[in-house]
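**Student:** I'll drop the sequence and a predicted model, then ask my questions.
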Amino acid sequence: MTIIPHPNVAFADLAERLTTPADEVMVPRKLLMRLLDLYISSWDFDEDWYLATYPDIQAAVTDGKFASGWDHFKSVGYFEGRRGNRPVVDTDWYLETYPDIAKAILEGKVTSASEHFEAFGYAEGRLPSNPEIHTKWYARRYMSAPHPEAVKESDALQDFVRIGYRSLALPAPPR
């Protein structure tokens, strides 16, 4: 079991400021970057793919501007909209989940689910494949269901696809 640091240790006075009803709270850049690093670290990253896909980053690493592709991705690349790994698009799942894309393919606007995801879907906040929701874990943390243990997997998945993913929720416990 992972022990979580006391909020005053991890966040200093920010922990106290977050308990007020204020809509906005100033967060030091260093702390915000640490929190984003923690979030970004919970997703998959493929160093070899990243460097091969983005030759400018390979050059920056070779020149010593970044220690690694991972260093670039978590500090700059993610915010530039770069992907951390090759997306595996599950065509059947993608078209079932996003019927507008199935229609666009029939109309000849795009040729495949993979093409759509790589060109548009990622930036639109779509998922390339089933995120494998851990239903009870997800429902307890993110859904306002009166009985999270009774939430169906399909409902948790729909919540994650529509709301959770865009709200930085995780589909399952971090590794």
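**Tutor:** Thanks, I have it.
**Student:** tell me, which helix in the chain spans the most residues?
**Tutor:** helix 29-40 (DSSP state H).
**Student:** Can you mark which positions in the next helix or strand along the chain from that helix are buried?
**Tutor:** As assigned by DSSP states H and E, the chain's next helix or strand after helix 29-40 is helix 47-53. Neighbour-count burial for helix 47-53, with 16 or more other C-beta atoms under 10 Å as criterion, is recorded at Tyr50, Leu51, Thr53. Yep, even glycine has a C-beta here, placed from its N, CA and C like the rest.
**Student:** Check the offset of helix 47-53 from the chain's centre.
**Tutor:** 19 Å (C-alpha atoms, centre = their mean, to the nearest Å).
**Student:** Can you spell out which helices and strands pack onto it?
**Tutor:** helix 55-62, helix 69-72 (3 or more C-beta pairs under 8 Å, 6 or more residues apart in numbering; DSSP states H and E).
**Student:** Outside of the shortest one itself, list whatever touches it.
**Tutor:** By C-beta atoms under 8 Å, 6 or more residues apart in numbering, the residues outside helix 69-72 that reach it are Phe45, Glu47, Tyr50, Leu51, Tyr54, Ile57, Gln58, Ala60, Val61, Phe66, Gly77.
**Student:** What count of nearby residues applies to the last one?
**Tutor:** Applying other C-beta atoms under 10 Å, we find 21 residues neighbouring Gly77.
**Student:** my read: it touches Tyr54, true?
**Tutor:** Yes - assessed by C-beta atoms under 8 Å, Gly77 is found in contact with Tyr54 at 7.4 Å.
**Student:** Quick check, Ala104 in contact with Ser112.
**Tutor:** No - taking contacts as C-beta under 8 Å, Ala104 lies outside contact range of Ser112: 10.4 Å.
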